[in-house]
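[1] Sequence first, predicted coordinates after that:
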Amino acid sequence: MQAIGVVESCFKEKFAIPRQPGLTPSAEAIVRLLPPYDKPDMVRGLEQFSHVWVVFAFHGTADQGWNPTVRPPKLGGNKRVGVLATRSTFRPNPIGLSVARIAGIETDDGVRIALTGADLLDGTPVLDIKPYLPYADAIDDAWNGYADDGSLPLLVNFSPEAEVTLAALADQYPKLRDLICEVLAQDPRPGYADDPVREYGMHLYDFNVRWRSTGHEAIVTRVEAR
Ligand code: SAH
């Protein structure tokens, strides 16, 4: 198999990408088809669908191999389950699967499929794209097992300094503030570390977003150009 496209994403590093798509509807990504697949014919009719499945390679972790069991963050990071009972990136075949909303399709110069809500790292190689078919893919009586922990989202607040920076960026990056809120509400801190003094940083678009967290709140301290 070879990549048919590559992802340009607002998520420039793995840290702070949500655990699944749909948790951050303001996240923007573009799948740019690669030659010889970059033909308008390849996506003819795709505009009739609201969402797509993206099948991709976990290129950012593929060199770290795999394990028969993993410790999902949802279980507090201390209980093991089989890799096939998880959506871990450390799989025998490092293949990812994400559903995302189609925001637009451009075919003037190559082919670019704009997506929202995708949990994809910048540079992700795309192996396949298929339309999402609600009549077959949406299952009303399905359940989540251990992945459903019912934890509440964090409240997200901004320092006056961060608000000033975001206001100045609003024209060029209209979704940045909402994106920060959605990402931090998921509490991306590793291993439930609860250190209210520690400042964390994440790379969104061309910015380093700095924040602190207490148990129930995240405060964005600064948004800096990188
Ligand atoms: N929805 C996918 C991914 C779930 S795991 C699936 O179920 O297969 C979610 C994690 O994938 C995120 O935390 C992000 O850090 C990671 N991720 C996204 N794109 C990646 C890539 N190209 N390489 C490695 N990890 C990636």
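    Sure thing, it's come through.
[2] Shouldn't residue 103 be within a strand?
    Yes: applying DSSP: H, G, I helix; E, B strand; the rest coil, one finds residue 103 inside a strand.
[3] secondary structure element for the residue nearest to it when sequence neighbours are not counted?
    Distances taken as CB to CB, 6 or more residues apart in numbering place residue 114 nearest to residue 103, at 4.1 Å, with adjacent residues excluded. Bear in mind the C-beta positions are built from the backbone N, C-alpha and C, glycine included. Following DSSP states H and E, one finds residue 114 within strand 112-116.
[4] Next, count neighbours for residue 206.
    Number of residues near residue 206 (other CB atoms under 10 Å) recorded here: 13.
[5] Same check on residue 54?
    Look at residue 54: counted by other CB under 10 Å, it has 27 neighbours.
[6] so the residue nearest to residue 103 touches residue 43, yeah?
    No: using CB atoms under 8 Å as the test, residue 114 is too far from residue 43 to be in contact (11.7 Å).
[7] joint contacts of the two?
    Both residue 114 and residue 43 are contacted by residue 105, under the criterion CB atoms under 8 Å, 6 or more residues apart in numbering.
[8] Return the distance of stretch 65-74 from the chain's centre.
    Centre-to-centre, stretch 65-74 and its host chain are 19 Å apart (CA atoms, centre = their mean, to the nearest Å).
[9] Which of the three states applies to the closest residue to the ligand within the chain?
    For the chain and the ligand, the shortest gap (CB to the nearest ligand atom) falls at residue 60, measuring 3.1 Å. Three-state assignment for residue 60 (three-state DSSP): coil.
[10] going forward, begin numbering at 664 instead of 1
    Yes, from this point I'll number from 664; that puts the last item at residue 723.
[11] Now it: phi and psi?
    Phi and psi for residue 723, reported as degrees, to the nearest 10, are phi -80, psi -20.
[12] Tell me if I'm right that it and residue 783 touch.
    No: in this structure, residue 723 is not within contact of residue 783 by CB under 8 Å, at 10.1 Å.
[13] Those two: which has the busier surroundings?
    residue 783 (23 against 16).
[14] I'd guessed that one sits against residue 692; true?
    Yes: counting by CB under 8 Å, residue 692 is a contact partner of residue 783 at 5.3 Å.
[15] for the most centrally placed residue in the chain, what are its contacts?
    With distances taken as CA atoms, centre = their mean, residue 782 lies nearest the centre of the chain, 1.7 Å away. Residues in contact with residue 782 (CB under 8 Å, 6+ apart) are 674, 680-684, 686-687, 690, 761.
[16] quick revisit: OK, contacts around the residue nearest to residue 766?
    691-693, 765-769.
[17] So which of those wins on neighbours?
    Counting neighbours by other CB under 10 Å, residue 692 leads the contacts of residue 777 with 25 neighbours.
[18] Below-threshold pLDDT in the protein: ranges please.
    Residue ranges of the chain with pLDDT under 70: 812, 854-856.
[19] now residue 823: how far from residue 882?
    According to CB to CB, to the nearest Å, residue 823 and residue 882 sit 11 Å apart.
[20] Using the three-state scheme, assign the residue of the chain most remote from its centre.
    In terms of distance from the mean C-alpha position of the chain, residue 704 ranks first, at 27.9 Å (CA atoms, centre = their mean). Under three-state DSSP, residue 704 falls in the helix class.
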